[in-house]
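Q: Sequence and predicted structure, then a few things I'm wondering about:
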Number of protein chains: 2
Amino acid sequence: MAAAELTAHQLIAQHRPTLDQALETIRTRAYWSPHPEHPKAYGENGSLSLAEGKAAFDALLGTRLDPGQPGTDDWVGGEVSPYGIELGVTYPHADIDVLLPAMKAGQRAWRDAGPEMRAVVCLEILKRISDRTHEFAHAVMHTSGQAFMMAFQAGGPHAQDRGLEAVAYAYVEQVRTPDTAEWTKPQGKREPLALSKQFTPVPRGIALLIGCNTFPTWNGYPGLFASLATGNPVLVKPHPRAVLPLALTVQVAREVLAEAGFDPNLVALTAERPGEGIAKTLATRPEIRIIDYTGSTAFGDWLEANARQAEVYTEKAGVNTVIVESTDNYKGMLSNVAFSLSLYSGQMCTTPQNLLIPRDGIRTEDGPKSYDEVVADLAKSVGGLLGDDARANALLGAIVNPDVKARLEAASGLGEVALASREIRNPEFPDAIVRTPVIVKLDGAKPDAEAAYMSECFGPVSFAVAVDSAEEAVELLRRTIRDKGAMTVGAYTTSQEVEQAVQEACLEECAQLSLNLTGGVYVNQTAAFSDFHGSGGNPAANAALCDGAFVANRFRVVELRREA
Amino acid sequence: MAAAELTAHQLIAQHRPTLDQALETIRTRAYWSPHPEHPKAYGENGSLSLAEGKAAFDALLGTRLDPGQPGTDDWVGGEVSPYGIELGVTYPHADIDVLLPAMKAGQRAWRDAGPEMRAVVCLEILKRISDRTHEFAHAVMHTSGQAFMMAFQAGGPHAQDRGLEAVAYAYVEQVRTPDTAEWTKPQGKREPLALSKQFTPVPRGIALLIGCNTFPTWNGYPGLFASLATGNPVLVKPHPRAVLPLALTVQVAREVLAEAGFDPNLVALTAERPGEGIAKTLATRPEIRIIDYTGSTAFGDWLEANARQAEVYTEKAGVNTVIVESTDNYKGMLSNVAFSLSLYSGQMCTTPQNLLIPRDGIRTEDGPKSYDEVVADLAKSVGGLLGDDARANALLGAIVNPDVKARLEAASGLGEVALASREIRNPEFPDAIVRTPVIVKLDGAKPDAEAAYMSECFGPVSFAVAVDSAEEAVELLRRTIRDKGAMTVGAYTTSQEVEQAVQEACLEECAQLSLNLTGGVYVNQTAAFSDFHGSGGNPAANAALCDGAFVANRFRVVELRREA
């Protein structure tokens, strides 16, 4: 192997301060990010400007994206943007009997590099991805259907933040045990017993990242970087509709690994043919020792039950609830909830689905509002937010796939429609399917309504569920979290008693709670280094982003001891 | 509930310094223990002396041990000491439909107490157990068959150390996330976004400890204290032959919990009728969210496959290897290995089973020794160590159960016997079954020998396996760890090359390595706060004692955020 172009010294000098700041921030959980959130922050110091990013993306269309990895037996592709354009990019389809052994070849040197070197190599990968944020933004937009600004932010800096957060957790977990220790045990009048000990973090083996359609980078980076930073090679299997963002990621990772003197095959990609479903085959290979997955509950449960040779981290589906019991900022509540329902057409795992509202109405600073008034005002608020088509397009993005569209269309048959979904034209992308959310009224006391609100209806569908009381709302919240899982819970109340009851329900059923949000932070958004995404303690996900448990079992520590 | 007799202030004042020292030691991994190892260190400041401990144990015999817990539908017992005496103690048999709900009742208050209060309550439990170390020593001796000094040390201070270590890991893991955070995100010229956040570690639910026969306290305390310190109630299901040490532990824990103002039902016991096998029923109850288990591979695998609602931590069986390739301290090597084979009649999960020796012999400081010489000298060394019956009894203890005896008796048919097992009389306990280890020669090149050395033969049985070369020894070591698992690996070599190869095998296959031990530390012993017991990365155990991964997933963190 040629001499490394990137030396440890350079990498540590460049990235150690960022790592240290990340380590400090996961302790304080204050606000921090090294990745700019404004499109205009890019274009200097080697990063691509908005126009350059667009040009770089356009140049990718219709090409073969070749990461230069061994064991490629075919080139596959076929992504069609939710905005209607065909990407025409093809990617390697791996012969895994060739690729997996090749990925193992560099594992020892990567292990021996140690936690700090691995961390700064990961940070260099993230830095280069950050420099190409505008290019990634288009790749995310045209695979997930997110609107440009969201694809730019959530697919760019926010995803990079989550990757960096995982590196920080991985690093600190590995250095909790010292490299060496001298152990001397007194023996009274005899010579003490003395041992010299060495401790080495060792990887588990190849990690498999199974990507998702809606947030390929944001949901993919935590597992990818947690595994890589703890010494494991990572095989990336993107969602067939969202290959490009992760293929670019693999390409960058391989470049950096090679330049730093490591085997680029430590990170590799495999795309799949339509309907091939290679995730099952990959997930049960003995070489695969870690799996990160975001997607349906059915396949997540299958992985947990069947990929027994691996540590399996899943983020599945849930039913997110917002309780609206009372508020001292009625307008703020309405606009906050309206935004949460609208953002990315409700296609976030964190979007509220069930709005539990007492059938006798709620208290507000303007006096009582009936259930019907609250629902009508919320519908009006969503309508207002999305009344202008340009603004609607910028918020909603596009419907990611036909299943979401079908669910949306079926939803109006589930109950009384408080707000009908509206079709919106996207002048730039006429083939994009853009829809505003539907809000359906349901009576929580009617058994036939329960089938609707107790199932996840992923997409721009919300249920305004009338409940008998705050107590019933809390009880239904508990049951929903316990039986269906929840990534997020929201509540609006001015009552100390109700607040306590909701909080206790979230503590006992293990769900993350946002209380009385009326401003510019929304229940469906979490910030890296500060907020936990998921709890790992209810059926929606068996892990949280990011905590000690997410990284601690991706490596093991081997001790060598000898007499001193 | 009456006012707590033990206040938080008292408990913190008394135990925080010990906790802090434990926290420091798991970072440095230097030697430390707050629990005295010498029998004479006890008898003052409220601790039981040797004579008082014996009297306390004698007073227990033939009694009903009543922890005062709800839902007891029967009293069961029947322990017979491996030393021949019937304990005659009876214990509660739980109606789990009554007991489990009762155990949940105190969970909220225990959660709300927070990590520090839980830690110091756990330390108070350990302190009271420590004070009764001499009583526990007899309980461990007469259930495990360990000799008195070992039962005293391993069942007393060393087990308490492992419990304290788990509390330290649990504490530090919980306080990695702050209780509260203020998050302020700049918004250019607009008002910053500001949130106040609260983070609460929450328990998973009831933890089940399934105890083992040979080390009820040493193997039981890590899981028990890790779960309790992270807020989970703990149900203790001891091995039917080793109930007393854990029943006493439960009794102490309940006393301390009650005195500190918590619900004593946070820790409870259930014994079982002969052959009842209640572990399967308990392990799959939905209330059980964590399981700690030490025992057979078959049942450990069953738990991992079937107790899917729980986090399962298993220590199962393995095949431990010592490679003898060369040494510059031949006598030291022989006496060290001889001791390791003899201690507690080889009934430790860490006892070496396969001694891999080149068939062409080894290099020593006295010149070359043939395979036959090495085996004969080792046999002589074991013979010498155990030549005196009093010393033999003090080292060997008693055979723990008829299965071990049967395996020992069958072992001499597996190959040429280099050292025959000898029956030893125990004058104090004439019914004790005491046997010296057998060493059987096997040819590693013969396929029929492999069936013997590639299976765990738990008990005082070792195989001196002739191998073609150091390379073959390392290859066999790798295969043994990978296929059968290993709690420990030992190696004797003066060759840098062989040392590297063995170390690399242990790093890749994930096993803990002791190199060239010739003094008073043995491959089968690990010290809390410094050595890892098991690696969690090979089939012998899916967890290590103790590390971040052992505690990090016993609780989850729930966040509550609101606008600041």
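A: That came through fine. Numbering: from 1, shown residues only, chains lettered A, B, ... in the order given.

Q: mind checking the SS state of A:E124?
A: Put simply, A:E124 is helix when judged by DSSP: H, G, I helix; E, B strand; the rest coil.

Q: Please disregard the earlier target; I meant A:F529.
A: With three-state DSSP as the criterion, A:F529 reads coil.

Q: got the phi/psi numbers for it?
A: Dihedral angles of A:F529 (phi, psi; degrees, to the nearest 10) stand at phi 70, psi -10.

Q: contacting residues for whichever residue of the stretch 1-150 of chain A sits closest to chain B?
A: Closest residue of the stretch 1-150 of chain A to chain B, C-beta to the nearest C-beta: A:R29 (3.8 Å). In this view, the C-beta of every residue, glycine as well, is placed from N, C-alpha and C. For A:R29, the contact set (C-beta atoms under 8 Å, 6 or more residues apart in numbering or on different chains) comprises A:F529, A:S530, B:T177, B:P178, B:A181, B:W183, B:K197, B:F199.

Q: can I get those residues in TSV with distance to A:E86?
A: As requested, the contacts of A:R29 are arranged in TSV below (distance: C-beta to C-beta, whole Å):
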residue	distance to A:E86
A:F529	38
A:S530	39
B:T177	45
B:P178	49
B:A181	45
B:W183	42
B:K197	44
B:F199	46
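
Q: Where do the domain boundaries of chain A fall?
A: A:38-187+A:204-316+A:544-563, A:321-515 (automatic domain parsing).

Q: Please spell out which residues along the longest strand seen in chain A are buried.
A: Longest strand in chain A, counting residues (DSSP state E): strand A:190-203. For strand A:190-203, burial by neighbour count (16 or more other C-beta atoms under 10 Å in any protein chain shown) applies to A:L193, A:L195, A:K197, A:Q198, A:F199, A:T200, A:P201, A:V202, A:P203.

Q: for the domains of chain A, which one sits closest to B:K280?
A: domain A:38-187+A:204-316+A:544-563 (18.5 Å; C-beta to C-beta).

Q: Quick check: mean pLDDT of the closest one?
A: Averaging pLDDT along domain A:38-187+A:204-316+A:544-563 gives 97.

Q: Tell me the span between the first and last residue of that domain.
A: Terminal residues of domain A:38-187+A:204-316+A:544-563 are spaced 58 Å apart (C-alpha to C-alpha, to the nearest Å).

Q: How far off centre is that domain?
A: Counting by C-alpha atoms, centre = their mean, to the nearest Å, domain A:38-187+A:204-316+A:544-563 is centred 12 Å from the centre of its parent chain.

Q: Could you say which helix or strand holds A:V465?
A: Using DSSP states H and E, A:V465 falls within strand A:461-467.

Q: Return that strand as CSV; C-alpha atoms alone will do.
A: The C-alpha atoms that make up strand A:461-467 are tabulated as CSV, following Å, rounded to 0.1, in the frame of the first residue of the first chain:
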residue,chain,number,x,y,z
VAL,A,461,-53.0,11.6,7.6
SER,A,462,-53.9,12.6,11.1
PHE,A,463,-56.8,11.7,13.3
ALA,A,464,-58.5,14.1,15.6
VAL,A,465,-59.7,11.6,18.2
ALA,A,466,-62.4,12.8,20.5
VAL,A,467,-61.8,11.4,24.0
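
Q: same for that strand, what does it pack against?
A: Applying 3 or more C-beta pairs under 8 Å, 6 or more residues apart in numbering or on different chains; DSSP states H and E, we find strand A:461-467 packed against strand A:354-358, helix A:371-385, helix A:402-411, strand A:438-443, helix A:447-453, helix A:470-484.

Q: Mind listing what's buried along the fourth one?
A: Looking back up the chat, that one is strand A:438-443. Quick answer for strand A:438-443 (16+ other C-beta under 10 Å): A:V438, A:I439, A:V440, A:K441, A:L442, A:D443.

Q: Can you name the residues that contact the fourth one?
A: In this case it means A:K441. A:V375, A:G415, A:E416, A:V417, A:A418, A:F463, A:A464, A:A466.

Q: Could you report the pLDDT at it?
A: pLDDT at A:K441 comes out at 98.

Q: Quick check: the residue lying closest to it once chain neighbours are set aside vs A:Y371, distance?
A: What sits nearest to A:K441 in space, not counting adjacent residues and going by C-beta to C-beta, 6 or more residues apart in numbering or on different chains, is A:E416, at 4.3 Å. For A:E416, the distance to A:Y371 (C-beta to C-beta, to the nearest Å) stands at 12 Å.

Q: same check, this time on A:E255
A: Applying C-beta to C-beta to A:E255 and A:Y371 gives a distance of 57 Å.

Q: Show me which of these two is the more surrounded one.
A: Between A:E255 and A:Y371, counting by other C-beta atoms under 10 Å in any protein chain shown, A:Y371 is the more crowded of the two (20 against 17).

Q: mind listing what the residue lying closest to A:L257 once chain neighbours are set aside touches?
A: Nearest residue to A:L257 in three dimensions, chain neighbours excluded: A:P264, at 4.9 Å (C-beta to C-beta, 6+ apart). With contact set as C-beta under 8 Å, 6+ apart, A:P264 has these partners: A:P67, A:G68, A:Q69, A:G106, A:A253, A:R254, A:E255, A:L257, A:A258.
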